[in-house]
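Colleague: The following comprises the amino acid sequence and a computationally predicted model.
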Amino acid sequence: MRQEVVSSDITVIGGGLAGVCAAVAAARLGRTVALVQNRPVLGGNSSSEVRVWVCGATAHGTHRYARETGIMGEMFIQNQYRNMEGNPYFWDLVVMETVRAETNIRLFLNTDVHEVEADGDEDHRTIRSVTGWMMGSERRIRFESAVYLDCSGDGLVGFLAGAKHRVGREARDEYNEDWAPAVADDITLGSTLLFYTKDAGQPVTYIPPSFAKDITQTTIPLKRVIRSGDNGCAYWWIEWGGEFDTVHDNERIRDELWAAIYGIWDYIKNSGKFDAETMTLEWVGSLPGKREYRRFIGDYVLNQNDIVAQREFEDRIAFGGWSIDLHPPQGMYSTESGSKHLHMDGIYHIPFRSLYSVNVDNLLMAGRDISASHVAFGTTRVMATCAVIGEAAGTGAALSVEKGITPRELHNGHLHALQQTMLRQDASIIGLRNEDPADLALRANVKASSTMTRFAADAPAEAYPLASDVGLLLPADPDIDGIELLVDAAEAATLTVELWNTGRGENYVPHTLQTAASTQVGKGARQWVKLELRWKPAAPQNAFLVIKGNERLSLYLSAQPQTGVLSFVKGPTPIVSADLEDHQPSQPVIQWSMRPFVRKPFCFRLLSRTDAFSPEKAVDGYHRPYAGPHQWSSVAMRPDAPEWLELNWAKQAHVRSVHVTFNDDVNEDLINLHHHRTPFPIMPELVRNYAIEGYANGEWMTLAEEQNNHKRKRVHTLDAAVATDRIRISVYATNGSPRAEIVEVRVYE
């Protein structure tokens, strides 16, 4: 047996998406990191070993402009580029290469940490080392660091270090959560195994193993959706173990899940109720995907009321948007729906105080073990949210090491530096803007080759009957002074439109009625109908137009998406199945669905000028939609010359690096595996070919250039500083958009 000692600034235990993003974030800030994973692959529940979809704030298209950026966003974009079909092994490679690209990370796979050395009293403890066994290599490795991150999911490291924690459900009155039980208990969400099927092209017999369940003798067929063509995460409801100990009873839980899977397949293949003659099992998981175990106590415990109220914490460092999603303790054998969902009106915020231990001074946590109540955990547990929490924790760890302080001291004395560092790295903290004093772009004058000021979507593709209320969201910047809609009228009718605000910059549902207008429409096709809607808000924000249903009328959908515009339909249609999932239909984000209209806005013409895409928007401090698009957009691409955005200063600066963030349409709901297919490998709005130029010695010179770009953020560090008073980003081609679009530019000396 080999005995080894590994010293680094930070040790991250757990190589799921939370641990990966934590390690990468810290490494990019110059810290040395040991990333320790007890499996042969990275990705945790998203890996090819378990194959769970990476869900996050978009909630499969429920929330708008909600896709994660930062490191998780990079992996989403890279996976879409390389793996449109959702091959789980290619996803493994995306995650692995994200880690391997960082020279500051030492990766230890197949290494199970089960020893922790810590000292101090109950209220103030310090981890001195953790020790792991590298399976198959007979190596016992001791990891010594200043800061430790428990991203293990089960929370073993923090537990062994003496960190205060909870298992199970809090009582309702502890945090005044109406979704909590009246009395606290040790019930958790259960674990799941998944399976894949394929069509073999010829008849295939199936003889179930002796341990397979006869599911006709269980409650499974009563309240669960079984179809022969489904596989993978469509069977997330094959869940069990919530009434047991999901760690200590892991083997028993796995065996029960196996028995259920092989029994369900027996039911599909041999009951005669399904068209499955040529179907066969291609893969069955063997590693239960755990949902819940220990949750550590931090300086703040996130709870249901914070989520629903979308509480804007001063120390917010991440966001989520998945519903509070809780499952019955009996799992697949319950006669209740497989899950119940409580949605908020938009994304919610997560505080840094929930990411470090209340009593272990050098312990941060990320993933499903953060400081949250059981009810709040029902939403923070999904993997893309765990990932952005991981990036925040890793950034906090790096800054704590750099300054020689604890995470709590970082929160108390350097919160602004933490948040601004994350924004510079393209992590999203919704509603906070760039205030980096070193960013020259914030002090620049900005101009462009052209700017889109006429706002319209007027290329009709298909008629849409106005059988129910529909919605149209667009920016009011600075105001709305009349709008036209393209209408068919089977006979004379009244067209009525209401204008609502959205209440909050991060929300995209109607909140408060501001004004309304009606007009008579004569019988006829493709009529541009003017409505005298007028609204001048105190500050630029989004307007939500409710177009009232009228069966005599039809609107038109455009074939060309328009940045800053979303369309909706109002209706009670369930998201999945009323038997399988219980959603509250009165919630606005459920009432107003954009799923039928992704990238297909209703045809409209705004009659007033818009400033929503002015050059200044690229340096206004925001790098994603918030109460408006926050980006520059040209009128159109020119065949014979580039579109450009120019920054200039009153005196010369010595420019060393330029950060450019392009529009990757964070409204597009990307997925790592097979939930749905996005039909293009690269976001069409992304700039493809561009150059960064500086003005020096009386002429423009090329400082950097890029061909075939498919990424959202590019950082160009020059070999030597360039003395210039002007920087220009010249766009020569996009990946399909008719306009050049730039979300943010940063410039550093």
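Modeller: Structure's in. What do you need? Numbers count the residues shown, from 1 in each chain.
Colleague: Could you give the number of residues near residue 528?
Modeller: Using other CB atoms under 10 Å, residue 528 has 12 other residues around it. Every C-beta, even on glycine, is put in place using the N, C-alpha and C of the backbone.
Colleague: Surely residue 195 and residue 281 touch.
Modeller: Yes. Counting by CB atoms under 8 Å, residue 195 touches residue 281, with 6.3 Å between them.
Colleague: Helices of the stretch 551-700 of the chain, start to end?
Modeller: Ranges of helices in the stretch 551-700 of the chain, per DSSP state H, counting those that start in this stretch, are 588-591.
Colleague: Looking at residue 195 and residue 281, which one has more neighbours?
Modeller: Neighbour tally, residue 195 and residue 281, criterion other CB under 10 Å: the higher count belongs to residue 195, 21 against 17.
Colleague: Can you give me the neighbour number for the residue nearest to the more buried one when sequence neighbours are not counted?
Modeller: Closest residue in space to residue 195, ignoring its immediate chain neighbours: residue 284 at 4.6 Å, by CB to CB, 6 or more residues apart in numbering. Neighbours of residue 284 under the rule other CB under 10 Å: 15.
Colleague: Contact partners for residue 284?
Modeller: By CB atoms under 8 Å, 6 or more residues apart in numbering, the residues touching residue 284 are 193, 195-196, 258, 261-262.
Colleague: Residue 387: what secondary structure?
Modeller: helix (DSSP: H, G, I helix; E, B strand; the rest coil).
Colleague: From residue 439, how far off is it?
Modeller: Distance check for residue 387 against residue 439: by CB to CB, to the nearest Å, it reads 26 Å.
Colleague: still on that earlier bit, kindly state the pLDDT recorded for the residue nearest to residue 195?
Modeller: Residue 284 is assigned 97 on the pLDDT scale.
Colleague: for the protein, longest strand please?
Modeller: What stands out as the longest strand in the chain, according to DSSP state E, is strand 713-734.
Colleague: Break down the stretch 401-550 of the chain into its strands, ranges please.
Modeller: 445-448, 456-457, 460-465, 470-476, 480-489, 493-501, 512-521, 524-535, 541-547 (DSSP state E, counting those that start in this stretch).
Colleague: For the residue lying closest to residue 708 once chain neighbours are set aside, grab the count of nearby residues.
Modeller: Distances taken as CB to CB, 6+ apart put residue 688 closest to residue 708, at 6.3 Å, once the chain neighbours are dropped. Counted with other CB under 10 Å, residues neighbouring residue 688 total 19.
Colleague: right, and residue 688 touches residue 733 too?
Modeller: Yes. In terms of CB under 8 Å, residue 688 counts as a neighbour of residue 733; the distance is 4.4 Å.
Colleague: Need the overlap of contacts for residue 195 and residue 281.
Modeller: Common neighbours of residue 195 and residue 281, using CB under 8 Å, 6+ apart, are residue 265.
Colleague: List the contacts of stretch 246-256.
Modeller: For stretch 246-256, contacts defined as CB under 8 Å, 6+ apart pick out 154, 188, 190-191, 193, 211, 240-241, 244, 286-288, 290-293.
Colleague: what do you get if the cut-off is 7 Å, keeping everything else the same?
Modeller: Contacts to stretch 246-256, defined as CB atoms under 7 Å, 6 or more residues apart in numbering, come from residues 154, 188, 190-191, 193, 240-241, 244, 288, 290, 292-293.
Colleague: Can you list the strands that the longest strand of the chain pairs with?
Modeller: strand 643-662 (antiparallel), strand 687-696 (antiparallel) (DSSP bridges).
Colleague: Output those strands as TSV; include the columns distance to residue 709 and mean pLDDT.
Modeller: What follows is the strands paired with strand 713-734, written out as TSV (distance: least, CB to CB, whole Å; pLDDT from 0 to 100):
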stretch	distance to residue 709	mean pLDDT
strand 643-662	7	97
strand 687-696	6	97
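Colleague: Can you add distance to residue 15 and give these back as TSV?
Modeller: Below are the strands paired with strand 713-734 laid out as TSV (distance: least, CB to CB, whole Å):
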stretch	distance to residue 15
strand 643-662	28
strand 687-696	33
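Colleague: and the residue nearest to residue 708, what is it in contact with?
Modeller: Residue 688 is in contact with 708-709, 733-735, counting by CB under 7 Å, 6+ apart.
Colleague: distance of residue 136 from residue 611?
Modeller: Counting by CB to CB, the gap from residue 136 to residue 611 is 61 Å.
Colleague: can you check residue 69 too?
Modeller: Remark: distance between residue 69 and residue 611 (CB to CB) = 24 Å.
Colleague: Of those two, which one has the most company?
Modeller: Set residue 69 next to residue 611 and count neighbours by other CB under 10 Å: residue 69 wins out with 23 against 17.
Colleague: That one reaches residue 428, doesn't it?
Modeller: Yes. The criterion here is CB atoms under 7 Å, and residue 69 meets it with residue 428 at 4.9 Å.
Colleague: show me the contacts for residue 499.
Modeller: Here residue 499 is in contact with 480, 514-516, 533, 535, 543, 545 (criterion: CB under 7 Å, 6+ apart).
Colleague: Now list the buried members of the contacts of residue 284.
Modeller: For the contacts of residue 284, a burial check counting by 16 or more other CB atoms under 10 Å picks out 193, 195, 258, 261-262.
Colleague: can you pull the pLDDT of the closest residue to residue 76 other than its chain neighbours?
Modeller: Spatial nearest neighbour of residue 76, excluding adjacent residues (CB to CB, 6+ apart): residue 670 at 4.4 Å. With respect to pLDDT, residue 670 scores 96.
Colleague: Counting neighbours, what do you get for residue 670?
Modeller: 23.
Colleague: Same check on residue 78?
Modeller: Burial measure for residue 78: 18 neighbouring residues, criterion other CB under 10 Å.
Colleague: wait, is it part of a strand?
Modeller: No. Per three-state DSSP, residue 78 lies outside any strand segment and is helix.
Colleague: so residue 474 sits right up against residue 540, yeah?
Modeller: No. Counting by CB under 7 Å, residue 540 is not a contact partner of residue 474; they are 11.6 Å apart.
Colleague: If you count surrounding residues, which of these two has more?
Modeller: Neighbours were counted for residue 474 and for residue 540 using other CB under 10 Å; residue 474 has more, 27 against 19.
Colleague: Now the more buried one. Nearest residue, chain neighbours left out?
Modeller: Using CB to CB, 6+ apart, the nearest residue to residue 474 is residue 565, at 5.1 Å.
Colleague: Next, give phi and psi for the one you found.
Modeller: Per-residue torsions, residue 565: phi -120, psi 130 (degrees, to the nearest 10).
Colleague: wait, it sits on residue 456?
Modeller: No. Between residue 565 and residue 456 there is no contact under CB under 7 Å: 9.5 Å.
Colleague: more crowded one of these two?
Modeller: residue 565 (22 against 19).
Colleague: measure the more buried one to residue 665 for me?
Modeller: Per CB to CB, residue 565 is found 12 Å from residue 665.
Colleague: What of residue 707?
Modeller: 21 Å.
Colleague: what about these two, which has more around it?
Modeller: Neighbour count, other CB under 10 Å: between residue 707 and residue 665, residue 665 has more, with 20 against 10.
Colleague: Okay, that one and residue 610: tell me how far apart.
Modeller: Distance from residue 665 to residue 610, by CB to CB: 19 Å.
Colleague: Next one: residue 425, what pLDDT does it get?
Modeller: pLDDT, residue 425: 98.
Colleague: Same check on residue 580?
Modeller: According to the prediction, residue 580 has pLDDT 87.
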